[in-house]
Structure formats: structure tokens, C-alpha cells
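Trainee: Any chance you can model this:
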Amino acid sequence: MGRTRIRVGAATDVGRTRSHNEDNYGLRVPDAGEVADRKGILLVICDGMGGHAAGEVASQLAVETILTRYYDSPADDPTEALIQAVTLANQKIFQQAAERPEQRGMGTTCVAVVLRGDELTVAHVGDSRAYLLRNGVLTRLTRDHSLVEEWVEKGVLPAAEADHHPMANVITRALGHGPTVQVEVRQERALLGDILMLCSDGLSGKVSEEAMRATLLQQADPKAAVADLIALANDAGGSDNISVIVARIEEIAPAGASANGDALEPTGRQTLRLAARARDDPSPRPMTTAAERAAAPSGRTLVIRGCSFVAAAALAVLLVIALVVAGALLGWIPGLRLVDAVPFWPSVATFR
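Mentor: Down below sits the predicted model:
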């Protein structure tokens, strides 16, 4: 199967405007030879949503579940084991939210990467991202599950405008927002010298991909690169929590290599499990084909970082109604006075 040695840096930051951090991240570098050969290295970032600290609960539960379940899974195939882990995390978050009224509506995005020998496997739900820097070219490995990404794919919105569009925070998939979830998976070949970066939208929504690329090229030390990327996001306003993992592949043994003298020792002599609150064919393959996307389930819930899109629309309608009534009371609208107004009570739906 093969092992990989990496240098890694990881951190999360509350940003400059949020009162608390709903992001969580985790990573595990197994020190046991058999586990390292069979399972590889796992990196995870989750960006919670739900408010009142529930988003933090969802993201932490997701990170812990994915780290545990992936390594406990009897499946040797990283794709199968990752899907199992992310699916279980979704079930746990959904069940807990159903049992605790104060946590109803909580959810989280997720991006997880496994490095096993020269195999690179990415699984994600939502708009947290994974990038690959190879030979100076930065490639996004994930496709946002978001409203603006759908518009870009349909040609309605230019890709350059997506990250800064007013609806950029509306996502179409998240862990915990239903009893089941569709996990998107991508596999690539990992090469010596590759740099991987995982991030929440607190970075990707504020810092351009060119600036990310320049930082990763300038900073050979992953920890310093993480610090610089977080600083860039904060300098750009820091309006969201920011989480970043940077991993540089220092040595690599192809999958199928024997575990004798050819096997590589993982970085460090202990398992790292951190949870934080607060060139042969280097061209990337497409995430999914048009046929695959057409066959995928179309129903989904739009989520605006803690509330459903339908709920937000209902609130907007109520605001318009309130303005009309105020205009009648104060005489702002010609021809409409208090005496002309017919009292009415709009029906209001309850949303979780």
C-alpha cells in the first residue's frame, strides 16, 4: 500500500467580527506501520453553522466522528472508508439536533483528505475546499455545493464573481440537515513535492486563489504558510472564522510498495489528533461528468449559514409587510391611510 511523509501546519482563527469560532479541524498521522500503510494520513476541516454555539458542536462532532470512524472502518479502500465516516457524522449530527431543541438546525460543511502512499482521496460536503499546488499551479480539487457554484456551472454567473457574490454563503449541502447526505469524492495521484491545502470559506471567500498560490510558493514552512494565509484573510476583513491546513509531501512510497526497507516512516513518533475550536499526468480530472450530475438527486435545502433559504425569504416578506403597514400608519404612501387599511394577519410558517 505505501506510506507518505509530510510536513504539516494547521490553525483556526475566529476572525475579526465573529464572537466565537464555529470551525473545527483535525488531523491524524499514524505512527503504527500497519495502520499507516493501510489507512494513511487523514486531514479534516469542518465549518459549522447554526448559531448559539450549535455550529461549533456540529463541526466538532463531525471532526471527531470522521477521525475515529475512518480508522475503525474495516474497509481498506480510502474512498469507501471516507464515505462511511462522513455519512456516520451526518447521522450523528442530525440525530443530536433532533433530540436537543437548542441545537435544531445545526449543521456543518466538511472537507477530508487521505494521503496513502501515492494515492490522494478527497471527500467533501458543502463549500469548504481542498487545493493542490503542483509545479507552481494551484488546482481546486473540490466543487462547492452552493447556489453560486450551480449558477457558474450553468453559465449564469462568471466564475470570477462567485466567491464575492452576495449569495456566496448559500450552500446546498451540509452535514446534519437531513437523515442522509450525498458525499462527493475525488481521487488523484499524489507526487513528491505536492502541497495540499484545506480551508474553510473564511479564507477562500476573502483571499484570491492567486494570493493563496503566491503564499504557498513563498513559504516553504507549512506552519508559516498557514499563519500568513490567516493574516491575509483577516487583513481582508476577517468577517468569518478562518481554518487552514497546509501539508507538503516530503517523501512518498507508491501504493503496493513493500513494508520493508522501502517503507517510509511517518513524520513524528506519535499520532497527531488535533481538534481546534476557536508529474506524470499532473492535470486534474473533472470532479463529475454532466451525466453524473444530472443523475444526482436534485432536491436539497438551501442553507444560509445557520438558517434555511425559505426561512430567510419568509422573513423578507414579513419585513415588506411591516413597511407597508408603517407607511399606512404614518401616511408615507399616497392614497393609503390608516382608515383605508384593512387589518390582516399573514400566515407565518415555522422553520427549524
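
Trainee: List the residues that contact the most centrally placed residue in the chain.
Mentor: The residue lying closest to the centre of the chain (C-alpha atoms, centre = their mean) is Ser128, at 2.2 Å. Applying C-beta atoms under 8 Å, 6 or more residues apart in numbering to Ser128 gives the contacts 45-47, 109-111, 142, 198-201. In this view, the C-beta of every residue, glycine as well, is placed from N, C-alpha and C.

Trainee: what about the helices in the stretch 101-250 of the chain?
Mentor: 147-153, 159-162, 201-204, 209-218, 222-235 (DSSP state H, counting those that start in this stretch).

Trainee: any idea which of those helices is most buried?
Mentor: Using mean count of other C-beta atoms under 10 Å, the stretch among those with the greatest mean number of neighbours is helix 201-204 (a mean of 26).

Trainee: pull the helix or strand with minimum mean pLDDT from this protein.
Mentor: In the chain, the helix or strand scored least confidently by mean pLDDT, DSSP states H and E is helix 290-295, which has a mean of 38.

Trainee: Which one, of the helices of the stretch 101-250 of the chain, ends up nearest to Asn90?
Mentor: Each of the helices of the stretch 101-250 of the chain was checked against Asn90 via C-beta to C-beta, and the shortest separation belongs to helix 201-204, namely 19.3 Å.

Trainee: which two in the contacts of Ser128 are spaced the farthest apart?
Mentor: Cys46 and Thr142 (13.6 Å).

Trainee: which residues sit in contact with the closest residue to Ser204 other than its chain neighbours?
Mentor: With C-beta to C-beta, 6 or more residues apart in numbering as the criterion, Ser204 has its nearest non-adjacent residue at 5.3 Å, and that residue is Arg129. Contacts for Arg129 (C-beta under 8 Å, 6+ apart) come out as 111, 140-142, 144, 198-199, 201, 204.

Trainee: what does Val114 give?
Mentor: Taking C-beta under 8 Å, 6+ apart as the criterion, Val114 is in contact with 39-43, 70, 78, 81-82, 120-121.

Trainee: Check Glu149 too.
Mentor: Under the criterion of C-beta under 8 Å, 6+ apart, the contact list for Glu149 reads 127, 143, 162.

Trainee: Nearest to Ala211 among those?
Mentor: When these are compared for distance to Ala211, the smallest value, 16.1 Å, is given by Ala162; criterion: C-beta to C-beta.

Trainee: Which residues are in contact with the closest one?
Mentor: Under the criterion of C-beta under 8 Å, 6+ apart, the contact list for Ala162 reads 144, 148-149, 151-152, 168.

Trainee: per-residue pLDDT, it?
Mentor: Ala162 is assigned a pLDDT of 72 by the prediction.

Trainee: same check, this time on Gln91
Mentor: 98.

Trainee: Distance check, it against Asn135.
Mentor: Distance, Gln91 to Asn135, using C-beta to C-beta, to the nearest Å: 40 Å.

Trainee: neighbour-wise, which of the two wins?
Mentor: Between Gln91 and Asn135, counting by other C-beta atoms under 10 Å, Gln91 is the more crowded of the two (16 against 9).

Trainee: since we're on the nearest residue to that one once chain neighbours are set aside, how many residues are nearby?
Mentor: When the adjacent residues along the chain are set aside, Gln91 lies closest to Pro179, with 7.1 Å between them (C-beta to C-beta, 6+ apart). The tally of other residues near Pro179 (other C-beta under 10 Å) stands at 10.

Trainee: Pro179 reaches Ile93, doesn't it?
Mentor: No: between Pro179 and Ile93 there is no contact under C-beta atoms under 8 Å: 10.6 Å.

Trainee: rewinding a little: find residues that contact each of Cys46 and Thr142.
Mentor: Common neighbours of Cys46 and Thr142 (criterion: C-beta under 8 Å, 6+ apart): 111, 128.

Trainee: more neighbours, those two?
Mentor: Cys46 (36 against 23).

Trainee: That one - that's part of a strand, no?
Mentor: Yes: Cys46 sits within a strand when classified using DSSP: H, G, I helix; E, B strand; the rest coil.

Trainee: so what's it bridging to?
Mentor: Applying DSSP bridges to Cys46 gives these bridge partners: Asn24.

Trainee: Might one say that it is in contact with Glu64?
Mentor: No: look at Cys46 against Glu64 with C-beta under 8 Å: they stay out of range, at 9.8 Å.

Trainee: What separation is there between the residue nearest to Ser204 and Val57?
Mentor: For Arg129 relative to Val57 (C-beta to C-beta), the value is 23 Å.

Trainee: Quickly find the element holding the nearest residue to Ser73 once chain neighbours are set aside.
Mentor: For Ser73, ignoring the flanking residues on the chain, the nearest one in space by C-beta to C-beta, 6+ apart is Ala81 at 4.0 Å. Using DSSP states H and E, Ala81 maps to helix 78-99.

Trainee: buried set for that helix?
Mentor: For helix 78-99, a neighbour-count test (16 or more other C-beta atoms under 10 Å) marks 78-79, 81-94, 96-97 as buried.

Trainee: If you count contacts, what does it end up packed against?
Mentor: Helix 78-99 makes packing contacts with helix 54-72, strand 107-108, strand 110-116, strand 119-125, strand 184-189 when contacts are defined by 3 or more C-beta pairs under 8 Å, 6 or more residues apart in numbering; DSSP states H and E.
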